[in-house]
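Chemist: what shape does this take:
(one chain, ligands or ions: 1)
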Amino acid sequence: MIEFRHVSKQYGRGSSALTDIDLTIGKGELAFLSGPSGAGKSTLLKMIAVMERPTSGTVSVNGQDVGRLNASGLPYLRRNLGLIFQQQSLLNDRSVLSNVMLPLLVIGTAGAEAEKRARAALDKVGLLDKATSDPMALSGGEQQRVSIARAIVNRPQIILADEPTANLDRASARKVMDALKAFHGVGVTCVIATHDDNILASASRIVYLEHGRLVDGPSSDSLQGAA
Ligand SMILES: Nc1ncnc2c1ncn2[C@@H]1O[C@H](COP(=O)(O)OP(=O)(O)OP(=O)(O)O)[C@@H](O)[C@H]1O
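Modeler: Model (predicted):
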């Protein structure tokens, strides 16, 4: 379970990126973060992964106040998180398979086991046939699905994705979302930031932010007409 209690975040001396956020995302839930550009969606995701820490308030993951974790506690938390962030792009000097094996090799998994699990992860996102390809030879949607395979290869309990369908055409976006929903289907908690009305139209839970505050946004019912 992910809990925000009275969480505010200010970057430097700038205005508040998030203000007094109270939010609970249950275990196994699929929650979408939406709202205009600059509303604080990425900041909220980053605080769950402790890529940023709250200025005040508490963020807890499975009962643990992660904002207070020290450097030695972070790897343990992150092992339970699958992160799909734009900054974490694929390494172009390695094959697709090697990119997906990397998180396992980093934590000391033996090569043969890492390869087996990386192949299984690629299979889950429908890209086993691209294992030996160079990431640059893949379409944007395929690259994003490789990122998902890399994020889930550690079998995380929680997936955090920031605009996973940005810059993708509708068919590719659907494949990326289907891959994410499949993990939700086996009990993984997913928190996904998106502007994409097509995705939001079928969302069961939308957390809507505006100017760093939680507000009642458009419902998925009202988006169904727009999408
Ligand atoms: N590292 C940073 N340093 C200073 N200000 C930041 C930093 N990151 C974000 N901000 C500011 O915090 C606010 C929220 O940004 P954030 O990236 O969380 O919004 P967002 O909803 O994810 O936007 P987008 O949809 O454009 O990605 C913005 O005003 C942004 O300029």
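Chemist: hmm, who's touching the helix or strand hosting residue 83?
Modeler: Element membership of residue 83 [criterion: DSSP states H and E] is strand 81-84. Strand 81-84 is contacted by residues 48-49, 144, 147-148, 151-152, 154, 156-162, 164, 183, 188 when judged by Cβ atoms under 8 Å, 6 or more residues apart in numbering. All C-beta spots, glycine's among them, are computed from the backbone N, C-alpha and C.
Chemist: same check on stretch 169-184?
Modeler: Here stretch 169-184 makes contact (Cβ under 8 Å, 6+ apart) with 28, 30, 82, 124-126, 139-142, 144-145, 148, 152, 159, 161, 164-165, 168, 190, 192, 196, 198-199.
Chemist: repeat that for 7 Å
Modeler: 30, 124-125, 139-141, 144-145, 148, 152, 159, 161, 164-165, 168, 190, 192, 196, 198-199 (Cβ atoms under 7 Å, 6 or more residues apart in numbering).
Chemist: buried residues, stretch 97-110. List them.
Modeler: By neighbour count, and taking 16 or more other Cβ atoms under 10 Å as the criterion, the buried residues in stretch 97-110 are 97, 98, 99, 100, 101, 102, 103, 104, 109.
Chemist: I'd like to know how far the residue nearest to the last one when sequence neighbours are not counted sits from residue 131.
Modeler: Read that as residue 109. Nearest residue to residue 109 in three dimensions, chain neighbours excluded: residue 117, at 7.4 Å (Cβ to Cβ, 6 or more residues apart in numbering). Residue 117 is 13 Å from residue 131, where distance means Cβ to Cβ, to the nearest Å.
Chemist: likewise for residue 71?
Modeler: For residue 71 relative to residue 131 (Cβ to Cβ), the value is 34 Å.
Chemist: the more surrounded of those two?
Modeler: Neighbours were counted for residue 71 and for residue 131 using other Cβ atoms under 10 Å; residue 131 has more, 18 against 6.
Chemist: that one: what's it in contact with?
Modeler: 95, 96, 97, 119, 122.
Chemist: 8 Å instead, please
Modeler: 95, 96, 97, 118, 119, 122.
Chemist: could you report the separation of it from residue 95?
Modeler: Distance of residue 131 to residue 95, given as Cβ to Cβ: 7 Å.
Chemist: and residue 187, which of the three is it?
Modeler: With DSSP: H, G, I helix; E, B strand; the rest coil as the basis, residue 187 sits in coil.
Chemist: that one contacts residue 28, doesn't it?
Modeler: Yes. Using Cβ atoms under 8 Å, residue 187 makes contact with residue 28 at a distance of 4.9 Å.
Chemist: neighbour count winner among these two?
Modeler: Per other Cβ under 10 Å, whichever of residue 187 and residue 28 has more neighbours is residue 28, with 15 against 9.
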